[in-house]
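Novice: sequence unavailable; structure follows:
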């Protein structure tokens, strides 16, 4: 079975500070991992993905994440927070890109950026 | 670039009514997924289709049904609506050989 745990349902950082959103996964097989961002009243936008290639993955808007198998983690980071980063962030796991394979989402982390 | 289209964007229904949500995947995407996101919740997988056949089933109530048509668009049919069905319903599509799912803007269903 696959699952995702996001530690911290709410994270607040000052503008310009480091952003760290935590994601730990559970998977019986090598996982594919994703981070999505959701702005108010909008759909989910892909930030970045890990698909068994490089363990350090760079995404859009200056975000990156590192896959650590030993820690079963895929934490999302950004060196300097911007006001526009305020949103809900979801980590998701999939065990295979094959047809129909679903995503399992974490419960989300709401990021607040303080000016 | 073309994105996933969902219609309607907003829908208000009364209890026990029916609703039909539509999803138009990105061109040449052959897999469609439906998710339900309740207030303050993470998206929950409902059902998926690949090449017009149901490929995976999640926590979809028996009152709901879905299908994928020959043009790859999909419809989610919801009957005997309950207050608890009020949620944001997302459709996502995936192309063959691709890892990620591309999400539509969602349909916000309110049941009164």
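Specialist: Great, that's in hand. Being a predicted model, the structure only gives us computed values, none of them experimental.
Novice: ranges for the strands of chain B?
Specialist: Secondary structure of chain B by DSSP state E: the strands cover B:5-7, B:10-13, B:19-24, B:29-37, B:44-50, B:53-57, B:64-68, B:74-78, B:87-95, B:102-103, B:107-111.
Novice: now chain A
Specialist: A:3-5, A:10-14, A:19-21, A:24-26, A:32-38, A:44-50, A:56-58, A:64-68, A:73-78, A:87-94, A:104-105, A:109-114.
Novice: may I see those strands organised as JSON lines, with mean pLDDT and distance to residue B:71 added?
Specialist: The way it works is simple: take the backbone N, C-alpha and C, and place the C-beta from them, glycine included. Formatted as JSON lines, these follow (pLDDT from 0 to 100; distance: least, C-beta to C-beta, whole Å):
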{"stretch": "strand A:3-5", "mean pLDDT": "90", "distance to residue B:71": "33"}
{"stretch": "strand A:10-14", "mean pLDDT": "97", "distance to residue B:71": "42"}
{"stretch": "strand A:19-21", "mean pLDDT": "97", "distance to residue B:71": "38"}
{"stretch": "strand A:24-26", "mean pLDDT": "91", "distance to residue B:71": "36"}
{"stretch": "strand A:32-38", "mean pLDDT": "93", "distance to residue B:71": "27"}
{"stretch": "strand A:44-50", "mean pLDDT": "92", "distance to residue B:71": "24"}
{"stretch": "strand A:56-58", "mean pLDDT": "94", "distance to residue B:71": "34"}
{"stretch": "strand A:64-68", "mean pLDDT": "95", "distance to residue B:71": "36"}
{"stretch": "strand A:73-78", "mean pLDDT": "96", "distance to residue B:71": "36"}
{"stretch": "strand A:87-94", "mean pLDDT": "93", "distance to residue B:71": "26"}
{"stretch": "strand A:104-105", "mean pLDDT": "88", "distance to residue B:71": "28"}
{"stretch": "strand A:109-114", "mean pLDDT": "96", "distance to residue B:71": "37"}
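Novice: and these as CSV, adding mean neighbour count and distance to residue B:21?
Specialist: Formatted as CSV, the strands of chain A follow (neighbours: other C-beta atoms under 10 Å in any protein chain shown; distance: least, C-beta to C-beta, whole Å):
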stretch, mean neighbour count, distance to residue B:21
strand A:3-5, 16, 26
strand A:10-14, 14, 30
strand A:19-21, 19, 30
strand A:24-26, 16, 30
strand A:32-38, 23, 19
strand A:44-50, 20, 16
strand A:56-58, 14, 33
strand A:64-68, 18, 32
strand A:73-78, 21, 30
strand A:87-94, 23, 21
strand A:104-105, 22, 19
strand A:109-114, 16, 26
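Novice: a markdown table for those strands, including distance to chain B?
Specialist: Shown next, in a markdown table, are the strands of chain A (distance: least, C-beta to the nearest C-beta, whole Å):
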| stretch | distance to chain B |
| --- | --- |
| strand A:3-5 | 9 |
| strand A:10-14 | 11 |
| strand A:19-21 | 14 |
| strand A:24-26 | 14 |
| strand A:32-38 | 6 |
| strand A:44-50 | 4 |
| strand A:56-58 | 12 |
| strand A:64-68 | 14 |
| strand A:73-78 | 14 |
| strand A:87-94 | 6 |
| strand A:104-105 | 4 |
| strand A:109-114 | 9 |
